[in-house]
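A.B. asks: what follows is a predicted protein model with its sequence.
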Amino acid sequence: MNILAPVRRDRVLAELPQYLRKEAALHVRKDFHPRVTCACQEHRTGTVGRFKISKVIVVGDLSVGKTCLINRFCKDTFDKNYKATIGVDFEMERFEVLGVPFSLQLWDTAGQERFKCIASTYYRGAQAIIIVFSLNDVASLEHTRQWLADALKENDPSSALLFLVGSKKDLSTPAQYVLMERDALKVAQEMKAEYWAVSSLTGENVREFFFRVAALTFEANVLAELEKSGARSIGDVVRINSDDNNLYLTASKKKPACCF
Ligand SMILES: Nc1nc2c(ncn2[C@@H]2O[C@H](COP(=O)(O)OP(=O)(O)OP(=O)(O)O)[C@@H](O)[C@H]2O)c(=O)[nH]1
Ligand SMILES: [Mg+2]
């Protein structure tokens, strides 16, 4: 892929895309963190401003639909025939968030046991982990805990953003879906992951989901850069508040004028 090509118009994010379910959202703020908005307005995104990139890994049982999900978003295609991923595949998707160029490196990993050890060597350094299960296969939901544990062995559990994604929504009746969602929300809350339900066949929620991944990853990335470069006021803390799921809640003593 030519990374110098202009960002597609439909990959421009000027606002924070919203969560699917309030009960299992990484945070429920309506807008980007004020410090991020402020830094982007002032072109003060640190080293960030030039070119930002985040690694995202996609894990989960074989045949749950990881490849189809990525292909639906990146290529707007759907293949009904199963072709197992061998090891890993890779896609790069470019966005513009709050006027700043931003890319997601999407690592599509193999769910088959025999390819798992190859795939797991690519887990390291992920800013976001997408754990996929099939909404019509309860065992695949149960296995998500193990997929997460394996992915976290190679990553910093305090900084990786987690997304739990139920795939193949088109195969469930509304009644089946309600039951599955109840269980999935519990797992997502336990993991502190954001929950999504998608269909790569119909495209339902696919774009909304990846936009949310891009936005939250961008936000976390800029906050980390600001923290590192000391651009934040002394006394500010980014803390994880498990009660209200507000991952980027900031206890601020003094905010720059543009952040009010
Ligand atoms: N009906 C329906 N079928 C789907 C959907 N997503 C994927 N599938 C089908 O499920 C099968 C597996 O999809 P893949 O995307 O290849 O699964 P995977 O998770 O990448 O599998 P591995 O690479 O082996 O880990 C294929 O036959 C797809 O056509 C969906 O949203 N709806
Ligand atoms: Mg695959």
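C.D. replies: Cool, the structure landed. Ligands and ions are numbered 1, 2, ... in the order given.
A.B. asks: spell out which parts of the protein neighbour ligand 2.
C.D. replies: With the criterion set to Cβ under 5 Å from the ion, the chain comes near ligand 2 through K66, T67, T85. C-beta: built from backbone N, CA, C; applies to glycine.
A.B. asks: list the contacts of the first one.
C.D. replies: If I follow you right, that is K66. For K66, the contact set (Cβ atoms under 8 Å, 6 or more residues apart in numbering) comprises V58, V59, G60, T85, D108, T109, G111, V132, S167.
A.B. asks: just send those back as a markdown table, with pLDDT too.
C.D. replies: Written out in a markdown table, the entries for the contacts of K66 read as follows (pLDDT from 0 to 100):
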| residue | pLDDT |
| --- | --- |
| V58 | 98 |
| V59 | 97 |
| G60 | 98 |
| T85 | 96 |
| D108 | 97 |
| T109 | 97 |
| G111 | 96 |
| V132 | 98 |
| S167 | 98 |
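A.B. asks: can you redo these as TSV with neighbour count?
C.D. replies: Output for the contacts of K66, formatted as TSV (neighbours: other Cβ atoms under 10 Å):
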residue	neighbour count
V58	27
V59	27
G60	25
T85	18
D108	24
T109	25
G111	23
V132	27
S167	27
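A.B. asks: look up how far ligand 2 lies from N136.
C.D. replies: 17 Å (Cβ to the ion, to the nearest Å).
A.B. asks: kindly report the same for L135.
C.D. replies: Taken as Cβ to the ion, the span from L135 to ligand 2 is 17 Å.
A.B. asks: looking at it, that residue is touching L171, isn't it?
C.D. replies: Yes: between L135 and L171 there is a contact under Cβ atoms under 8 Å: 7.0 Å.
A.B. asks: need the residues of the stretch 101-250 of the chain near ligand 1, please.
C.D. replies: For the stretch 101-250 of the chain, the residues in contact with ligand 1 (Cβ under 6 Å from any ligand atom) are A110, G111, Q112, S167, K168, D170, L171, S199, S200, L201.
A.B. asks: what stretches of the stretch 101-250 of the chain score poorly on pLDDT?
C.D. replies: Low-confidence regions of the stretch 101-250 of the chain, defined here as pLDDT under 70, cover residues 231-250.
A.B. asks: helix, strand, or coil at A84?
C.D. replies: When the structure is split into helix, strand and coil by DSSP: H, G, I helix; E, B strand; the rest coil, A84 lands in coil.
A.B. asks: excluding its backbone neighbours, what's nearest it?
C.D. replies: Nearest in space to A84, with sequence neighbours left out and distances taken as Cβ to Cβ, 6 or more residues apart in numbering, is Q112 at 5.5 Å.
A.B. asks: show me what contacts that neighbour?
C.D. replies: Applying Cβ under 8 Å, 6+ apart to Q112 gives the contacts L62, A84, T85.
A.B. asks: switch the cut-off to 10 Å
C.D. replies: Taking Cβ atoms under 10 Å, 6 or more residues apart in numbering, we find Q112 in contact with D61, L62, S63, A84, T85, I86, G87, A119.
A.B. asks: list only buried entries from these.
C.D. replies: Among those, those buried by neighbour count (16 or more other Cβ atoms under 10 Å) are D61, L62, S63, T85, A119.
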